[in-house]
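**Student:** structure of the sequence below:
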Amino acid sequence: MEYNFDEEIAFLTDITLAKGVSGREKEVAKTFIKYAEPYADEIKRDALGNVIAYHYGKPNGPVVMMCGHMDEVGFFVKSIEDNGLIRLHPIGGWWPLCLPSDLFVVTNKEGKEFLGVIGARAPHGVPQEQRKNVIPLENLYLDLGVKDKKMVDDLKIKVGDMVTPKVDFHVMNDGKTLMSKAFDDRIGAAIALRVLKNLKGVETECTYVCVGTTQEEVGLRGAKTSAYGVEPDIAFATDVSLSHDTPDVLDGGDSKLGAGVAMTLCDAGILSHPGLVNYLKETAQRLDIPYTNDFMAAGSTDAGTIHKTREGVMTMTVSLACRYYHSPYSMINYDDYINACKLMTEAIKNVDRKVVNKIREAKY
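**Tutor:** Residues are numbered from 1 along each chain as shown. Got it, this is the predicted structure:
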């Protein structure tokens, strides 16, 4: 398998800049399907909007599911003031500190987009004791540069319309660091899709199911229904994790940009299956792919609900270190992405009943 830098960047640009907050993943799903169609044996959708793409293995072979969630954090239009300013309802977790003066786009029901900026009061006249305070989310507003509510109505912007960051994709100055919106979790979706591409024409005993899930940021909802329908023997949730290499996250964690694939041993929603973790580590060691042990004290991924599906699924989270996620811009490392694609392709390609049984037995 070969990886062309320019082609990978074009792919990642396409998938990260697609707009889709939780419950509004339509544009992202179209992009996901566009990249899945040339390589999938079959593509299905379910009632929650999950995209489920199949690479079929041998009849009665094990089923391996890998998912990345398509939704991103953003906002809904909550209300429109008489003066045309828009109040926002957060979808997913935001820290208000990172929002004032940032550009956002409102997408109306017709798919038309309108630029706005989160209002940021000038410091002049603000009492000194207030300058250190973080503005509560409910006090933030989007300024479209209109004079009244009628102008907003004329744009056919309604309550419930989607609001997403207005950003560009950047390859940073080292040629390896990538910056865009929504790496949480379009990078996970990208890895799952790249594995699907890599397995095209490869005979496997297992059936590989590449899933773009919905509504992860509001409760792991799409993962619950898709895993129920897929009925996997093994599942990987691909996502992002903290990068422990900035002044505010220097806490001794191993996961850093460029340090390799982050294998999440536990988070608030799952204790990763030890047999599956061992299998992935052994595969990484055989391929000489760097990896780190990752621990998350708070938060979870789609793995948190997949492993509790039906009678239980052997599940773990595979992550990339990421800076600044849940903000308009985030950063990942290109080599980490490529290494994750190589590792997951090799690991999934070799899953058969013997491997599944060995993984299962490691727990008991």
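**Student:** three-state assignment of the nearest residue to A303 once chain neighbours are set aside?
**Tutor:** Distances taken as CB to CB, 6 or more residues apart in numbering place A237 nearest to A303, at 3.8 Å, with adjacent residues excluded. C-beta: built from backbone N, CA, C; applies to glycine. Assigned by DSSP: H, G, I helix; E, B strand; the rest coil, the conformation of A237 is strand.
**Student:** A237 touches H307, doesn't it?
**Tutor:** No. Between A237 and H307 there is no contact under CB atoms under 8 Å: 9.2 Å.
**Student:** mutual contacts of the two, please.
**Tutor:** Common neighbours of A237 and H307, counting by CB atoms under 8 Å, 6 or more residues apart in numbering, are T315.
**Student:** that older thread, got a list of what the residue nearest to A303 touches?
**Tutor:** Taking CB under 8 Å, 6+ apart as the test, what A237 contacts is 66-68, 188, 223, 301-303, 306, 315-318.
**Student:** what does L97 give?
**Tutor:** V134 are the contacts of L97 under CB under 8 Å, 6+ apart.
**Student:** switch to numbering from 35
**Tutor:** All right, first residue 35 from here; so that's L131.
**Student:** tell me the SS of it?
**Tutor:** helix.
**Student:** quick one: the helices in the chain, in order.
**Tutor:** For the chain, helices defined by DSSP state H occupy the ranges 39-51, 60-70, 183-188, 217-232, 255-264, 308-321, 337-340, 368-383, 387-395.
**Student:** closest to S113 out of those?
**Tutor:** Nearest of the helices of the chain to S113, taken as CB to CB: helix 183-188 at 9.9 Å.
**Student:** helices and strands around that closest one, which ones?
**Tutor:** strand 108-114 (3 or more CB pairs under 8 Å, 6 or more residues apart in numbering; DSSP states H and E).
**Student:** in its sheet, what does the strand it packs on sit against?
**Tutor:** strand 120-125 (antiparallel), strand 196-199 (antiparallel) (DSSP bridges).
**Student:** picking that back up, just send the helices of the chain back as JSON lines, with distance to H360 too.
**Tutor:** As requested, those are arranged in JSON lines below (distance: least, CB to CB, whole Å):
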{"stretch": "helix 39-51", "distance to H360": "14"}
{"stretch": "helix 60-70", "distance to H360": "17"}
{"stretch": "helix 183-188", "distance to H360": "27"}
{"stretch": "helix 217-232", "distance to H360": "7"}
{"stretch": "helix 255-264", "distance to H360": "18"}
{"stretch": "helix 308-321", "distance to H360": "26"}
{"stretch": "helix 337-340", "distance to H360": "17"}
{"stretch": "helix 368-383", "distance to H360": "19"}
{"stretch": "helix 387-395", "distance to H360": "32"}
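**Student:** shaky segments in this structure?
**Tutor:** Where the chain drops to pLDDT under 70, the residues are 159, 284-286, 397-398.
**Student:** quick check: domain ranges of it?
**Tutor:** With domains defined by automatic domain parsing, the chain comprises 39-106+215-395, 108-199.
**Student:** was I right to think I372 contacts N38?
**Tutor:** No. Contact criterion CB under 8 Å: I372 and N38 do not qualify, at 10.8 Å.
**Student:** these two - which one has more neighbours?
**Tutor:** I372 (17 against 9; other CB atoms under 10 Å).
**Student:** return the distance of that one relative to E239.
**Tutor:** 26 Å (CB to CB, to the nearest Å).
**Student:** same deal with F203?
**Tutor:** Separation of F203 from E239 (CB to CB): 38 Å.
**Student:** still on that earlier bit, format the contacts of A271 as a markdown table; extra columns: neighbour count and distance to L174.
**Tutor:** Formatted as a markdown table, the contacts of A271 follow (neighbours: other CB atoms under 10 Å; distance: CB to CB, whole Å):
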| residue | neighbour count | distance to L174 |
| --- | --- | --- |
| M100 | 25 | 36 |
| C101 | 33 | 32 |
| G102 | 29 | 29 |
| G222 | 30 | 28 |
| A257 | 30 | 30 |
| T335 | 33 | 27 |
| D336 | 32 | 29 |
| A337 | 29 | 32 |
| I340 | 31 | 34 |
| T349 | 27 | 37 |
| M350 | 27 | 37 |
| T351 | 31 | 31 |
| V352 | 29 | 34 |
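**Student:** nearest to G235 among those?
**Tutor:** Nearest to G235, judged by CB to CB, of these is M100 at 18.6 Å.
**Student:** which residues are in contact with the closest one?
**Tutor:** 225-226, 229, 242-245, 269-272, 378, 382.
**Student:** neighbour-wise, which one of those residues leads?
**Tutor:** Ranked by neighbour count (other CB under 10 Å), those have A271 at the top, with 35 neighbours.
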